[in-house]
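K.L.:
sharing a model prediction with you, sequence too.
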Amino acid sequence: MKPLSAILALGLTGVACSLTVEPPPPSTDPVVTSTMPTTTTEAPLPTSSAGEQIPGMSLWALVEGNDLDADRINLVLAPWGWDNHSDFLHFVSGVMSWSGDAYLIDETGWPTESSTAAFGAWLGLFAIEPWRSSRDKFNVWYTDVEPETPVAWLNEGDDPFQLTDEAVVTVALDAHVFNPDLTSVSGLDVFFAGPGPPERPLTDDPFSNSVVVIDSSYPAEGAVHIPHELGHALFNLADEYVGEELGFDGRLDLSSWPTCAEDLEEANVWWGDLTGDVDDMVDIWADEMADAGFPLQDLNAWEEDVAVGAIDGGCYAVPGSVRATRDSLMNRNIPVFGSINRRWAEQILDLWEGQPR
């Protein structure tokens with residue numbers, strides 16, 4: 001997946017500022033441990049109703065108002081390679097943007113609540129539509145149980161929790177010690193597929209699990225992959241940058257719903273009704289960055305990049321293929337799905353009733 005530095009090179013003054021400072025090296029290398037205890041943890045828990053443990057399970061509420069009886073999606077955040085569980089909890093709490101606000105980033109790439117220590121800002125998962133408007137459709141949990149390897153829980157059914165409608169994200173710190181070639185990745189066992197309207201399965205868990213790779217030298221680089229990987233794991237969205245990075249690989253049958261069409265005819269059927277539409281998340285992005293003190297530069301250019309059209313080369317550089325937008329969350333990790341991806345994601349989330357907190 002595209003690193004944050006690749007996004008910042010595009011002119012995001014707020015976060016770019018954070019990456020112009022070379023972070024100091026970590027004082028010690030992280031210690032990779034075996035599977036952590038499955039009973040309790042001595043790490044400090046969040047305050048108020050967050051921090052409540054599911055009885056008999058090593059799962060704690062990361063946010064307020066989780067309810068297993070509610071018709072919600074269960075998102076579980078799991079550590080791998082974190083020597084200090086409190087650091088893991090601090091990181092995932094900071095980069096979720098549960099409040100809907102941009103999170104601040106200090107000079108070492110860690111989330112911070114101090115505006116004076118901030119060198120940049122970014123939008124976490126629940127600051128981005130459609131998650132932003134769907135918080136009541138999610139329970140968010142964390143665990144102290146660590147998989148044997150970063151990818152041990154990649155496929156649905158491999159993790160030990162097995163909650164209803166569950167997606168597990170393993171946040172793997174310095175996973176290069178396990179495999180130097182490992183990048184953030186999601187499993188392939190996602191139920192939803194177009195072009196017909198999505199239907200909720202009666203029995204099977206519809207989601208996949210993910211691994212998000214974090215580098216201790218600058219953790220903010222990896223944090224942007226959490227929403228991207230959940231775009232795969234929850235909504236079965238395609239990577240839109242493959243053709244731009246790797247070029248045409250000779251395969252001709254690589255259209256992928258809902259934004260990667262094999263030709264203009266298919267594109268017109270899939271998204272012709274939204275041609276020219278601009279996802280209003282781009283304006284929310286600009287507002288949140290400004291509120292955080294790191295204004296987004298050249299908003300008009302970003303609006304053009306997420307306007308629905310027909311971008312030559314599609315997602316896989318197949319001759320004649322097109323994709324819906326020049327850029328998106330599924331391309332260079334900007335916090336904007338684009339109208340076509342967002343419509344599909346909203347249709348899937350509409351299958352859950354949720355419950356007000």
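P.N.:
Nice, I can see it. Keep in mind it's a predicted model, so treat the numbers as computed, not measured.
K.L.:
Trp131 touches Pro227, doesn't it?
P.N.:
Yes: judged on C-beta atoms under 8 Å, Trp131 makes contact with Pro227 at a distance of 7.5 Å. Using the backbone N, CA and C atoms, a C-beta is placed for each residue, glycine as well.
K.L.:
which residues are in contact with both of those two?
P.N.:
Common contacts of Trp131 and Pro227 (C-beta atoms under 8 Å, 6 or more residues apart in numbering): Leu125.
K.L.:
in what helix or strand does the most centrally placed residue in the chain lie?
P.N.:
In the chain, the C-alpha closest to the average C-alpha coordinate belongs to Pro227, at a distance of 1.3 Å (C-alpha atoms, centre = their mean). Taking DSSP states H and E as the criterion, Pro227 maps to helix 225-235.
K.L.:
quick one: buried residues of that helix?
P.N.:
Using 16 or more other C-beta atoms under 10 Å as the burial criterion, the residues of helix 225-235 that qualify are His225, Ile226, Pro227, His228, Glu229, Leu230, Gly231, His232, Ala233, Leu234, Phe235.
K.L.:
hang on, the earlier thing: measure the closest residue to the residue nearest to the centre of the chain other than its chain neighbours to Ile311 for me?
P.N.:
Sequence neighbours aside, Leu125 is the residue nearest to Pro227 in space, at 4.9 Å (criterion: C-beta to C-beta, 6 or more residues apart in numbering). Using C-beta to C-beta, to the nearest Å, Leu125 is found at 26 Å from Ile311.
K.L.:
now the closest residue to Arg72 other than its chain neighbours, which residues is it bridged with?
P.N.:
Excluding its sequence neighbours, the residue lying closest to Arg72 (C-beta to C-beta, 6+ apart) is Asn139, at 5.0 Å. Applying DSSP bridges to Asn139 yields these beta-bridge partners: Asn74.
K.L.:
correct me if wrong: Asn139 contacts Asn74.
P.N.:
Yes: the criterion here is C-beta under 8 Å, and Asn139 meets it with Asn74 at 4.9 Å.
K.L.:
alpha carbons only: can I get the helix holding Pro227 in CSV?
P.N.:
Taking Å, rounded to 0.1, in the frame of the first residue of the first chain, the C-alpha atoms of helix 225-235 are listed here in CSV:
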residue,chain,number,x,y,z
HIS,A,225,-3.4,1.8,6.1
ILE,A,226,-6.1,1.0,8.7
PRO,A,227,-9.0,2.6,6.7
HIS,A,228,-7.5,1.4,3.4
GLU,A,229,-7.3,-2.3,4.6
LEU,A,230,-10.8,-2.1,6.0
GLY,A,231,-12.0,-0.9,2.6
HIS,A,232,-10.9,-4.3,1.4
ALA,A,233,-12.0,-6.3,4.5
LEU,A,234,-15.5,-4.8,4.9
PHE,A,235,-16.5,-3.7,1.4
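K.L.:
can you pull the poorly scored residue ranges out of this protein?
P.N.:
Residues of the chain meeting the criterion pLDDT under 70: 1-49.
K.L.:
what about 90?
P.N.:
1-51, 155-157, 189, 202-205, 243-255 (pLDDT under 90).
K.L.:
could you pull out the strands for it?
P.N.:
For the chain, strands defined by DSSP state E occupy the ranges 59-61, 73-80, 103-106, 111-112, 118-122, 138-143, 166-173, 185-186, 210-214, 260-261, 311-312, 322-323.
K.L.:
any idea how far the spatially most distant residue from the centre of the chain is from Asp71?
P.N.:
What lies farthest from the middle of the chain is Glu265; by C-alpha atoms, centre = their mean that is 31.0 Å. Using C-beta to C-beta, we find Glu265 at a distance of 39 Å from Asp71.
K.L.:
likewise for Tyr218?
P.N.:
38 Å.
K.L.:
same question for Leu252.
P.N.:
Taking C-beta to C-beta, one finds Leu252 at 42 Å from Asp71.
K.L.:
kindly report the same for Leu351.
P.N.:
9 Å.
K.L.:
do Arg251 as well
P.N.:
Taken as C-beta to C-beta, the span from Arg251 to Asp71 is 40 Å.
K.L.:
okay, these two: which has more neighbours?
P.N.:
Asp71 (14 against 8; other C-beta atoms under 10 Å).
K.L.:
wait, the more buried one touches Gln355, no?
P.N.:
Yes: between Asp71 and Gln355 there is a contact under C-beta under 8 Å: 6.8 Å.
K.L.:
does Ser186 have beta-bridge partners, and which?
P.N.:
Assessed by DSSP bridges, Ser186 has beta-bridge partners Ser210.
K.L.:
need the contact list for it.
P.N.:
Taking C-beta under 8 Å, 6+ apart as the test, what Ser186 contacts is Leu154, Ser208, Asn209, Ser210, Val211, Glu229, Leu230, His232, Ala233.
K.L.:
for Val212, same thing?
P.N.:
When contacts are counted by C-beta under 8 Å, 6+ apart, Val212 touches Val169, Thr170, Val171, Ala172, Ser184, Gly222, Ala223, His225, Ile226, Glu229.
K.L.:
nearest to Asp287, of these?
P.N.:
Ala223 (20.3 Å; C-beta to C-beta).
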